[in-house]
Each structure stands twice: as C-alpha cells, then as structure tokens.
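Enquirer: need a structure here:
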Amino acid sequence: MDSRRFSPPRDHKPFPSLKQAARSAAIPAGKARILAIDDEPANLLTLGAALASEFDLQIATSGAMGLSLAAQAPPDIILLDVMMPEMDGHETYRRLKAEPSLRAIPVVFVTALGDSDAESSALAQGAADYITKPVNVNVARHRIRNLFERERLRTQVEAQRDRLEQLVAQLEHASQGLEQTVADRTAELRSLAMELLAAETRERREIAGDLHDDLGQNLAVAKLKLSALALPDEDRDFCRHCRLQLNEVEAMIDRSGRSVRSLCTQLSPPVLSHFGLGPALEWLAEEMERIYGLCVRMHLGEIAPLDETTNSALYRIVRELLINVWKHADVSGATVTLSTHAASGGMVVSVADAGVGFDAGQTLQPSAKHSYGLFSIKQRIDFIGGVMRIESQPGKGTVVTLTIGGNTRGQTGVSANRGLA
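Expert: Alright, predicted model coming up:
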C-alpha cells in the first residue's frame, strides 16, 4: 500500500511515528489493545484513528518486530498482513501459535481484495477473521467489535469451566474423603461385630458347658437316686401309688435331661468346635429331620478352614435358613451345599428349596412386612466380610448363597429372575 495516500481526518489525534510505536511496548490501560503487523500500515492507521475511542493501536512494520512487541506486552487482538517481505504473515502466525503465552490471542489476517486463496488459507490455519484491503472502516469496526465480544464470552465460558472443574475436583476430593471415612467406619464396625460374635460364641460355649456340667449332672444324679429308692412292703397300695409318682418324676427328669442336652447343642454344638463346619451341618441335617421332619440333603465339597467365630456364625445362619424353609416354603426337603468359589477362593454355602418362593427385592428392605429374618442375616454376613445372594421368585423356589472369604467384590446380592425347576 502507498502510505502517501493516507490522509487522517481533521479531528483525529495525531498518532506516534512508526519508530515510536515500535519502541513502545507500554500501552495505556483501560482500552482493548490491538497490535497491527504490516510493512505498509497506512490503512491500519486510518482504522486506528476511526477506533481511537474504543481501542489502542500499536504498530509493527515486520513479523519479527510484531513477535517482539507481542512477547513484551501481549495484545488483545493481532491484525496481521499476509504479504510481507522476509517473514510473511503465515510464518509470523505459525510462530505466534508456537508461543504458549501468545497462542490464545485471536489473529485477524489482512488480505488483498479478491485474494480468496489467501483468505481460505488464513481461515484454514485458525485465524479468527480476515479484513480485506483497502480497509473498509465500518466493516472492520463491526468485525473487530464482534471478535472482542466473542473473546469476552469465550473468556467467561473458560472461567466458568475452570470454576466448574475446581468444584468437581473439590467434590471428588470430598467424596474420596467421605468414602474413606465410611470405609474406616465400616471396618471398625466389622471388627467390632467380629469381636461381639467371638464373645457370643465363647459365652454360648460357657453356658452350654455350665448347663451340661451342673444342671445336666444334677438331673442324672437325681434319676439314679430315684431308681435306687426302695419302698417298704407293709402298705402295698401306698407303695404302688408312690411308685407311680416316682416314675412320673423320673420321666420328667428324663425330659429335662434331653432338654438340657438340646439346649447345650443349640447354644454350642460340640461337633462344631471339635470337627468343624461340615460335620456340624451334617449333624444339623439329622436334627432337622428328627425334630421338624425336614429332609435335608447335604453336598459337601472341599472347603478351606475358617476360624471358630465365622464357623459358629455360619452354622447358626444355616440353621435359621432351614427353619425358614420348614416354616414358609411349604416343602418337605431342602439342600445344603458347601464348596469353594472358583473365582474368589472363598467358602460358599447355599441353602436351596423348591418351595413357594418370594419377592427377594422387597424382602430385603428393613421395613418389609415379611423379611423372614433375611435382612438380619445379610447384616451379619456383611459384618464377617461375606456376601449373601438370594435367587427367588414366587412359585419357583429359593436359593440363598453365602460366600465368605476370598475376593467377594463385584458379587451382587439379589436376583428375582431365577428360580428352581
């Protein structure tokens, strides 16, 4: 462009010379700053005069000078001429975008009128907009205003995004802290539950021992003494009456003795502490058939040994489940299976029946009208580090599976879509 054709309006304020503009990196505060990079910037000076009330224009006469000024004081917008000697607009643009501190500044390419290839190339590189020469001041003003408005909105959006990211990070940190707190409290509760179960197991064993050694022995001695009691023969009718009464007392002592033995085995089955869970469940199966008439089929596989507290808890839970079958399933038999979980390596105990079934999802709710004790069982299984899975459907039977030990993560607790054939 020919700088001699430039004739500034009469009422405009004089611009500094190009050398002064090149030397000065300090731009007055309060207005948006535009850096114009053009080896013949007369048209841009005309534009700067027209926009003086809104913007401050800084001019560089080469790509190298523009990079230097931008690095010293990054402007808000850069107007960049495409055709310049030594370093053209495309190379200047590439170097601007290579600088982390400058790459976000929007660049408006200034192209010759009708040079559509240059305009297309500029936009393809990522230019924010383009202005054609000779510069139409009104069009350029609107484009620059629109660009500043877009940048203002983009800045606001980025600020909101950064704030949201900070909030998300804070929430994630708080969530992690809460999860850790919950995990710690759960571990404490689980440890306390195991201590309570261990204490309960000891107390049951001690009470059973006291009943057997004290009350049971006293009943046995009383029976022996009654059996050895001799009655005089003088009054046969009286002796006959006394003998009948003694026989009744002896029968009562027999029943009391059996009740004491039953209480002892229910409190702490000796077979459980002496031989382990498998034999104890076999004995339980016999007792269920003898007392309740429920035929229990046992399938015992190889299982890893567990501690006495866990064995005691599992034994009592299986007993509760079998009594549930007897009370509610409307069947005469059930199946108990002990095995090792192939994936987790833990012990698996299942109690299955082909009875009436139920809605498992509703039953496990604390407020359920008929929970059959399953909610309490689930809590106890959770406390000893296990998982309870219920598979049931009305009319299609029930399978309750307990997995203890090993890696039980990822196992679900309820299934209402599968029943027994």
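
Enquirer: Quick check, central residue of this protein?
Expert: residue 179 (8.5 Å; CA atoms, centre = their mean).

Enquirer: neighbours of residue 309, just the number please.
Expert: 19 (other CB atoms under 10 Å). C-betas here are computed from N, CA, C, even on glycine.

Enquirer: coming back round to it: packing partners for the helix or strand encompassing the residue nearest to the centre of the chain?
Expert: In this assignment (DSSP states H and E), residue 179 forms part of helix 137-210. Applying 3 or more CB pairs under 8 Å, 6 or more residues apart in numbering; DSSP states H and E, one finds that helix 137-210 contacts helix 42-50, strand 77-81, strand 107-112, strand 129-133, helix 236-267, helix 308-324, helix 374-383.

Enquirer: chain center to that helix, what's the gap?
Expert: Between the centre of helix 137-210 and the centre of its chain there are 10 Å (CA atoms, centre = their mean, to the nearest Å).

Enquirer: can you check stretch 306-325 too?
Expert: 31 Å.

Enquirer: And it, what's buried?
Expert: 306, 308-325 (16 or more other CB atoms under 10 Å).

Enquirer: mind listing what the nearest residue to residue 277 once chain neighbours are set aside touches?
Expert: Ranked by CB to CB, 6 or more residues apart in numbering and with sequence neighbours excluded, the top spatial neighbour of residue 277 is residue 311, at 4.6 Å. Contact analysis of residue 311 by CB atoms under 8 Å, 6 or more residues apart in numbering lists 272, 276-277, 280.

Enquirer: sorry, back to before: out of the helices and strands packed on helix 137-210, indicate the one that is most buried.
Expert: Of all the helices and strands packed on helix 137-210, strand 77-81 has the most neighbours on average by mean count of other CB atoms under 10 Å, namely a mean of 26.

Enquirer: Report the angle between the helix holding residue 179 and helix 308-324.
Expert: Angle between the axes of helix 137-210 and helix 308-324 is 90 degrees (criterion: axes from the mean of the first three to the mean of the last three CA atoms, to 10 degrees).

Enquirer: Could you give the average pLDDT over helix 137-210?
Expert: Helix 137-210 carries an average pLDDT of 82.

Enquirer: Kindly report the same for stretch 318-328.
Expert: Stretch 318-328 comes out at a mean pLDDT of 91.

Enquirer: Tell me the gap between that stretch and the middle of its chain.
Expert: Using CA atoms, centre = their mean, the offset of stretch 318-328 from its chain centre is 35 Å.

Enquirer: do the same with stretch 120-134
Expert: 49 Å.

Enquirer: Quote the end-to-end distance of that stretch.
Expert: Using CA to CA, to the nearest Å, the end-to-end distance of stretch 120-134 comes out at 18 Å.

Enquirer: right, and the helices and strands packed on helix 137-210 - which one's nearest residue 359?
Expert: The closest of these to residue 359 is helix 374-383. By CB to CB, the value is 11.6 Å.

Enquirer: Show me what that closest one is packed against.
Expert: helix 137-210, helix 308-324, strand 386-392, strand 398-404.

Enquirer: Check which element follows the lowest-mean-pLDDT helix or strand in the chain along the chain.
Expert: In the chain, no helix or strand scores lower on mean pLDDT, DSSP states H and E than helix 18-23, which sits at a mean of 40. Toward the C-terminus, helix 18-23 is succeeded by strand 32-37 as the next helix or strand (DSSP H and E).

Enquirer: Would you list the strands that that following strand pairs with, along with their directions?
Expert: strand 55-60 (parallel), strand 77-81 (parallel) (DSSP bridges).

Enquirer: would CSV of those with distance to residue 71 and mean pLDDT be doable?
Expert: CSV is the format used below for the strands paired with strand 32-37 (distance: least, CB to CB, whole Å; pLDDT from 0 to 100):
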stretch, distance to residue 71, mean pLDDT
strand 55-60, 11, 86
strand 77-81, 12, 90
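
Enquirer: Would you format those strands as CSV with distance to residue 129 included?
Expert: Converted to CSV, those look like this (distance: least, CB to CB, whole Å):
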stretch, distance to residue 129
strand 55-60, 15
strand 77-81, 9
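
Enquirer: Tell me which of these lies nearest to residue 145.
Expert: strand 55-60 (9.5 Å).

Enquirer: related to what we said a few turns ago, how about the helices and strands packed on helix 137-210, which one is nearest residue 353?
Expert: helix 308-324 (8.9 Å).

Enquirer: between the closest one and strand 386-392, how big is the angle?
Expert: 10 degrees.

Enquirer: For the residue nearest to residue 317 when sequence neighbours are not counted, give me its contacts.
Expert: Counting by CB to CB, 6+ apart, residue 377 is the residue found nearest to residue 317 once chain neighbours are left out, at 5.4 Å. Applying CB under 8 Å, 6+ apart, we find residue 377 in contact with 317, 320-321, 388.

Enquirer: Among those residues, which pair sits farthest apart?
Expert: That would be 320 and 388, which, of the contacts of residue 377, are the farthest apart (CB to CB) at 12.0 Å.

Enquirer: quick check: domain ranges of the protein?
Expert: 10-135, 275-421 (automatic domain parsing).

Enquirer: rank those domains by pLDDT, which is bottom?
Expert: Among the domains of the chain, domain 10-135 scores lowest, with a mean of 77.

Enquirer: any idea how far it is from the chain center?
Expert: 52 Å.

Enquirer: same question, stretch 297-312
Expert: For stretch 297-312, the distance to the chain centre is 32 Å (CA atoms, centre = their mean).

Enquirer: ditto for stretch 287-300
Expert: Using CA atoms, centre = their mean, the distance between the centre of stretch 287-300 and that of its chain works out at 42 Å.

Enquirer: ok so, going back, pipe the domains of the chain into TSV and attach distance to residue 186 per row.
Expert: Formatted as TSV, the domains of the chain follow (distance: least, CB to CB, whole Å):
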stretch	distance to residue 186
domain 10-135	47
domain 275-421	9
